[in-house]
Every structure is written in structure tokens, then in C-alpha cells.
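could you work out the structure for the sequence below:
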Amino acid sequence: MRLSSYFLVIALLMTGGCGLLPEQVDKTKDWSASQLYSAAKEAMADKNYEQAIGYFEKLEARYPFGRYAQQALLETAYAYYKYEEADLAIATADRFIKIHPRHPNVDYAWYIKGLTNYTRGRSLVDRLLPQDVSERDTRIMREAYDAFAYLVKHYPDSKYASDSAQRMIHLRNNMAQYEIHVADYYMRRGAYVAAANRGKYVIENYQRTPAVPEALVVMVRAYRKLDVNDLAEDALRVLRLNYPDHPDLAELEETLTRSSTPEPVGDL
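Next up, the predicted model:
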């Protein structure tokens with residue numbers, strides 16, 4: 001037998017034999033829906049989320065109209081969240097909401113959507129080199145906020161409503177602080193109009209957040225750089241009235257006073 005033919009025979013034998021290996025046999029082939037569900041829950045308890053997802057998905061595929069299928073789909077979303085597969089968690093939650101919009105536990109699907117985006121990006125790098133979440137793009141924070149807001153508005157009696165409301169406050173503070181980070185970036189690069197606009201945006205959209213006094217400070221400094229002293233004075237007046245103990249207040253007042261004082265005229 002030629003050497004090439006020998007290897008061909010070996011390859012065919014290996015290919016044909018793979019299906020006979022014990023590890024390839026699906027031990028769940030004859031399991032009932034309740035057996036698959038129990039196995040998935042046990043895997044979840046052991047934090048083996050990948051295995052749990054496999055059991056839940058088999059359950060849904062084999063028994064799509066059984067009493068376990070709806071719960072399996074909902075718990076698959078949570079398992080994906082715990083497995084740090086954010087896109088799949090949200091897609092699964094969305095599918096549950098679309099298929100079962102009146103399900104008694106649909107509020108939980110909205111909560112999973114919010115929670116997944118709320119914690120998205122907490123990778124190993126983030127844990128080793130912590131980053132202020134307010135320095136991230138606000139798109140994900142906005143999506144988390146919107147999911148929590150929908151839950152709070154439409155399911156006010158949900159057991160997840162209180163936690164969602166608290167997370168909304170945190171997200172709103174972070175989104176406001178993100179605007180301050182951007183405004184500071186513009187200030188450092190001399191883009192004073194853009195910086196002032198960011199500060200104004202915070203004042204108009206994020207009242208009662210810790211970022212408001214910082215927005216006023218940015219506006220005073222940006223308008224001062226632009227020589228628009230009337231707007232700088234307006235922002236300073238609001239800062240003085242509402243935040244009289246702000247650490248930058250004295251320095252801002254001194255700077256604005258100097259800029260408003262006419263230069264002395266020399267002898268003719």
C-alpha cells in the first residue's frame with residue numbers, strides 16, 4: 001500500500017470513528033424538560049454558566065411549548081449576563097420581551113437588559129486598571145438608564161423597581177460627569193465654545209447632580225476666555241448663589257474682577 005493511501009485510510013477511520021467516542025454521545029438525548037431544567041439550575045448554582053446555557057437552550061429547542069420553555073429563555077438571558085456575554089444577554093432578553101410581552105416576569109427581562117449594560121465592560125483589564133465609569137462613552141450608560149426607566153415606569157410594583165431607580169441615579173450622575181470630562185478636554189485644547197456648550201448642556205439636562213457646580217465653573221472659565229464677560233458673570237452668580245462654599249469660587253471671582261477692571265491710561 002502506498003504511503004499516501006495508508007494515511008487516507010487512517011484519516012477515514014478517524015473521521016468515521018469520532019462519532020463513536022464516548023464524549024460525543026449526548027447524554028441528554030432522552031431527558032425530559034424537567035430534567036434539563038434541573039440540570040441547568042444545578043449548573044447555575046455551580047457557576048458553570050456555559051453548561052447551564054447549553055441545557056437551557058436544549059430545553060427550549062426540544063420543548064418550545066412546554067411550561068419550562070419560557071422560564072428557560074429568561075434564565076438564559078441571566079446566564080449570558082453572568083457569563084459576561086453582554087450582547088447575547090441583551091438579545092435573549094429582547095427576544096423574551098418580544099415573544100412574551102405580557103408574561104408576569106417580563107419586568108425581569110427589562111432588569112437584565114439594564115443590568116447588563118450597567119456592568120458592561122468590566123473586563124479583567126478594567127479590574128486591574130480601574131477606570132472611572134464616567135469617562136466611558138455614554139451610549140451604553142444611556143441604554144442601561146432607558147431599560148431601568150422603562151421598568152420603573154411600567155412596572156412600579158416590581159421587586160426590581162427600587163434597585164433600578166437607585167441605579168438610574170448613579171447612571172445619571174455618571175452621564176453628567178462624563179460631560180464635564182469632555183468639557184475639560186475642550187478647555188485644555190482651547191475649544192472654549194465647545195466647552196461652554198458642554199457645561200450648558202449639564203445645567204439644562206442634569207439638574208440636581210454633583211456635576212452642576214463643575215459645569216458652572218467650566219462656563220465661567222470658557223466665557224472668560226472668549227471675553228463674553230456678561231455670560232461669565234451670570235454663571236458665576238449662579239455658582240455663588242447655590243454653591244457658596246465651592247473651592248474655586250474665590251479664584252473665579254478674582255479672575256473675573258481683574259478682567260472687568262479697565263486698564264489704567266498712561267500720561268499723554
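
show me the shaky parts of this structure.
1-24, 121-137, 259-268 (pLDDT under 70).

tell me where it has strands.
Applying DSSP state E to the chain gives no strands.

need the longest helix for it.
If you go by DSSP state H, the chain has its longest helix at helix 161-188.

now for that one, which elements pack on it?
helix 106-119, helix 138-154, helix 192-205, helix 211-225 (3 or more C-beta pairs under 8 Å, 6 or more residues apart in numbering; DSSP states H and E). Backbone N, C-alpha and C define where each C-beta goes, glycine included.

adding distance to Ala72, write those helices out as a markdown table.
Shown next, in a markdown table, are the helices and strands packed on helix 161-188 (distance: least, C-beta to C-beta, whole Å):
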| stretch | distance to Ala72 |
| --- | --- |
| helix 106-119 | 13 |
| helix 138-154 | 22 |
| helix 192-205 | 41 |
| helix 211-225 | 43 |
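
hmm, back to that, may I see the buried residues of the longest helix of the chain?
161, 163-164, 167-168, 171-180, 182-184, 186-187 (16 or more other C-beta atoms under 10 Å).

angles on the backbone of Leu226, please.
phi -90, psi 0 (degrees, to the nearest 10).

ok, it - how many residues close by?
Neighbourhood size, Leu226 [other C-beta atoms under 10 Å]: 14.

any figure for the gap between the residue nearest to Ala222 when sequence neighbours are not counted and Tyr223?
The shortest distance from Ala222 to any non-neighbouring residue, by C-beta to C-beta, 6 or more residues apart in numbering, is to Ala196 (3.8 Å). As judged by C-beta to C-beta, to the nearest Å, Ala196 and Tyr223 stand 6 Å apart.

quick one, which of the two is more surrounded?
Ala196 (27 against 24).

which neighbours do Ala196 and Tyr223 have in common?
Both Ala196 and Tyr223 are in contact with Leu231, where contact means C-beta atoms under 8 Å, 6 or more residues apart in numbering.

picking that back up, what sits against the residue nearest to Ala222?
Contacts for Ala196 (C-beta under 8 Å, 6+ apart) come out as Val218, Met219, Ala222, Tyr223, Leu226, Leu231.

mind listing what the third one touches?
Yep, that's Ala222 we're talking about. Shown in contact with Ala222 (C-beta under 8 Å, 6+ apart): Ala183, Tyr186, Met187, Tyr192, Val193, Ala195, Ala196, Gly199.

try 7 Å this time
Contact partners of Ala222, counting by C-beta atoms under 7 Å, 6 or more residues apart in numbering, are Met187, Tyr192, Ala195, Ala196, Gly199.

isn't the first one up against Asn197?
No - taking contact to mean C-beta atoms under 7 Å, the distance of 11.9 Å between Met187 and Asn197 leaves them out of contact.

my read: Thr116 touches Thr92, true?
No - contact criterion C-beta under 7 Å: Thr116 and Thr92 do not qualify, at 9.8 Å.

what is the neighbour count of Asp227?
Residues near Asp227, counting by other C-beta under 10 Å: 9.

how near is Glu84 to Thr116?
To Thr116, Glu84 is 9 Å away according to C-beta to C-beta.

now do Lys29
32 Å.

and the two? Which one has more around it.
Set Lys29 next to Thr116 and count neighbours by other C-beta under 10 Å: Thr116 wins out with 27 against 8.
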